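K.L.:
kindly return the folded structure for what I paste below:
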Amino acid sequence: MNNHVAMYSHDELHDLLGHPNENVLKDTAKKYKIPLSGRMTTCEECAKGKMRDRKSTRLNSSHLVISYAVFCLKKK
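P.N.:
Next comes the predicted model:
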């Protein structure tokens with residue numbers, strides 16, 4: 001099995017994992033030893049989602065979805 005893990009920017013991984021908040025993104029990258037480059041910028045899609053309905057609760061990606069996404073990233 002290839003132990004090489006590609007480096008992703010904060011924004012790339014944020015998009016690939018389903019737009020989790022910055023703390024979840026960093027914790028996930030640390031847990032799965034995914035190196036991150038750069039800094040996270042304002043996500044236009046997240047900003048639009050927050051503006052659309054401030055009253056609704058926006059759920060972060062579930063652990064299962066994030067785990068599967070990381071599994072797929074490691075297979076690259």
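
K.L.:
which phi and psi does Tyr32 have?
P.N.:
Main-chain torsions, Tyr32, degrees, to the nearest 10: phi -100, psi 10.

K.L.:
now do Lys30
P.N.:
phi -70, psi -50.

K.L.:
how far away is it from Thr41?
P.N.:
20 Å (CB to CB, to the nearest Å). Quick note: C-beta positions are derived from backbone N, CA and C, even for glycine.

K.L.:
quick one, what contacts Glu45?
P.N.:
Residues near Glu45 by CB atoms under 8 Å, 6 or more residues apart in numbering: His19.

K.L.:
now swap in Thr28 and tell me
P.N.:
Contacts of Thr28 (CB under 8 Å, 6+ apart): 13, 17, 20, 34, 66, 70.

K.L.:
where does this structure have low pLDDT?
P.N.:
Along the chain, segments meeting pLDDT under 70 span 1-4, 52-68, 71, 74-76.

K.L.:
quick one, helices of it?
P.N.:
Remark: helices assigned in the chain by DSSP state H are 10-16, 22-31, 44-52, 63-74.

K.L.:
return the most buried member of these.
P.N.:
Most buried of the helices of the chain by mean neighbour count (mean count of other CB atoms under 10 Å) is helix 10-16; its value is a mean of 18.

K.L.:
what helices or strands is that one leaning on?
P.N.:
helix 22-31, strand 36-37 (3 or more CB pairs under 8 Å, 6 or more residues apart in numbering; DSSP states H and E).
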